[in-house]
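> structure for the following, please:
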Amino acid sequence: MRTIVVMNQKGGVGKTTTSVNLAAGLALAGRRVLLLDLDPQAHASLHLGVEVVGSMPTLYDVFAGDKTLLQARRLVAPNLWLIPSSLDLAAAEVELVDTVGREMILREAVNVLLATEPYDYLIMDCPPSLGVLTINALTAAEEVFIPLQPHFLALHGLSKLLETTALVTRRLNRKLRVTGIILCMYETGTRLAADVTADLRGFLKGSDSESPWSKAQVFDTKVRRNIKLAEAPSFGKSIFEYAPKCPGSLDYQALVGEIVAMESASTTSLAKAG
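Numbers count the residues shown, from 1 in each chain. Next comes the predicted model:
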């Protein structure tokens, strides 16, 4: 099983779009997928047509200790489950300030869930910040995917993200690694996008072999800027349901293919090591 955090402290870079469509695409590929919406804005939940009303369990109830992940999950499509979010989750940042072991709450909840329910992928959509909720996700996961818009300022923000993963790796989660960078809102044919991509690959190639991002790859698939990706959330659908033949759908299909191929590479490596 793979546990993946999709994170970027900058908003508007395609983080939630990527989380939702990766989860939906992997589910269509036959994988059992659980998507956790850790953003109090609940955009991933709304993207999949789930609006929290009344006493519907959410991830806030899990952090509060009132529900388990099993009790809060909802089946939203074949092979795809969602732990929805709500604005209440914003209170968790304040309520957990004095809680001992607050960084471990989600990891413990995930361990309890996996003891009874098998999944192939857990994907966590984080808020655009590096607070308690994001730290919980990083402590509970083994992989980080970073959606990045190919602008020079985005590279400066990337350094802060990498520093955070290094800190979490040292103090809370030795297994955590940055494994993939996803270029989103890509404008083909522009010199800027090509230059930033080349700079990014060069930076990763020259990274310290002991850093959590030393083996990170820039995915070959680039998610092109596409209006259908922006429209899909208002219909409560993934891009595969809303516009299955549009460029955005084709790009996320290709990205899912790369991620699934990583499974085979990992199996081969383990076999050689054995």
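
> for residue 107, give me its contacts.
136, 139-140, 173 (Cβ atoms under 8 Å, 6 or more residues apart in numbering). C-beta here means a position set from N, CA and C on the backbone, and glycine is covered the same way.

> same check, this time on residue 193
150, 183, 186-187.

> ok, now with 7 Å
Residue 193 sits next to 150, 186-187 when contact means Cβ atoms under 7 Å, 6 or more residues apart in numbering.

> returning to that earlier point: if we take the contacts of residue 107, which one ends up nearest to residue 86?
Proximity of those to residue 86 was ranked by Cβ to Cβ; the top entry is residue 136 with 16.5 Å.

> the helix or strand that contains the closest one - contacts with which helices or strands?
Element membership for residue 136, per DSSP states H and E: helix 132-140. Secondary-structure packing of helix 132-140 (3 or more Cβ pairs under 7 Å, 6 or more residues apart in numbering; DSSP states H and E): strand 2-6, helix 89-95, helix 105-114, helix 152-171.

> deepest-packed of the ones you listed, please.
Among the helices and strands packed on helix 132-140, ranked by average contacts under mean count of other Cβ atoms under 10 Å, first place goes to strand 2-6 (a mean of 24).

> keeping just the C-alphas, turn it into PDB.
Provided in PDB are the C-alpha atoms of strand 2-6 (Å, rounded to 0.1, in the frame of the first residue of the first chain):
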ATOM      1  CA  ARG A   2       1.100   3.500  -0.800                       C
ATOM      2  CA  THR A   3       0.300   6.500   1.500                       C
ATOM      3  CA  ILE A   4       0.800   9.800  -0.400                       C
ATOM      4  CA  VAL A   5       0.500  13.400   0.700                       C
ATOM      5  CA  VAL A   6      -0.300  15.900  -2.000                       C
END
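
> can you name the residues in contact with that strand?
Against strand 2-6 from outside (Cβ under 7 Å, 6+ apart): 15, 18-19, 121-126, 137-138, 140-145, 147.

> do stretch 210-225 as well
With Cβ under 7 Å, 6+ apart, stretch 210-225 has contacts from 14, 162, 165-166, 169, 176-188, 197, 200-201, 204, 207-208, 247-248, 251-252, 254-255, 258.

> among those residues, filter down to the buried ones and hand me the ChimeraX syntax, if you would.
Applying 16 or more other Cβ atoms under 10 Å to the contacts of stretch 210-225, the buried members can be selected in ChimeraX as follows:
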select :14,162,165,166,169,176,177,178,179,180,181,182,183,184,185,186,197,200,204,247,248,251,252,254,255
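
> inside strands: which ones of the contacts of stretch 210-225?
Mapping these onto strands (DSSP state E) picks out 177-183.

> tell me the contacts of the closest residue to residue 84 other than its chain neighbours?
Excluding the flanking residues, the one nearest residue 84 by Cβ to Cβ, 6 or more residues apart in numbering is residue 45, at 4.1 Å. If a contact means Cβ under 7 Å, 6+ apart, then residue 45 has 37, 52, 82, 84-85 as its contacts.

> determine which two of these are furthest apart.
52 and 82 (10.9 Å).

> more neighbours: which of those two?
residue 82 (26 against 18; other Cβ atoms under 10 Å).

> over to that one. Which of the three states is it?
At residue 82 the chain is in strand, as set by DSSP: H, G, I helix; E, B strand; the rest coil.

> let the chain start at 185 from now.
Shifting the count to begin at 185 puts that one at residue 266.

> residues in contact with it?
By Cβ under 7 Å, 6+ apart, the neighbours of residue 266 are 219, 221, 229, 232, 234, 257-258, 260.

> can you find the helix or strand in this protein with the smallest mean pLDDT?
Ranking every helix and strand in the chain by mean pLDDT, DSSP states H and E puts helix 431-457 at the bottom, with a mean of 79.

> what's the mean pLDDT across stretch 377-397?
Stretch 377-397 carries an average pLDDT of 84.

> give me the beta-bridge partners of the residue most central in space within the chain?
Using Cα atoms, centre = their mean, the residue of the chain that lies closest to the mean C-alpha position is residue 190, 2.2 Å off. Assessed by DSSP bridges, residue 190 has beta-bridge partners residue 309, residue 329.
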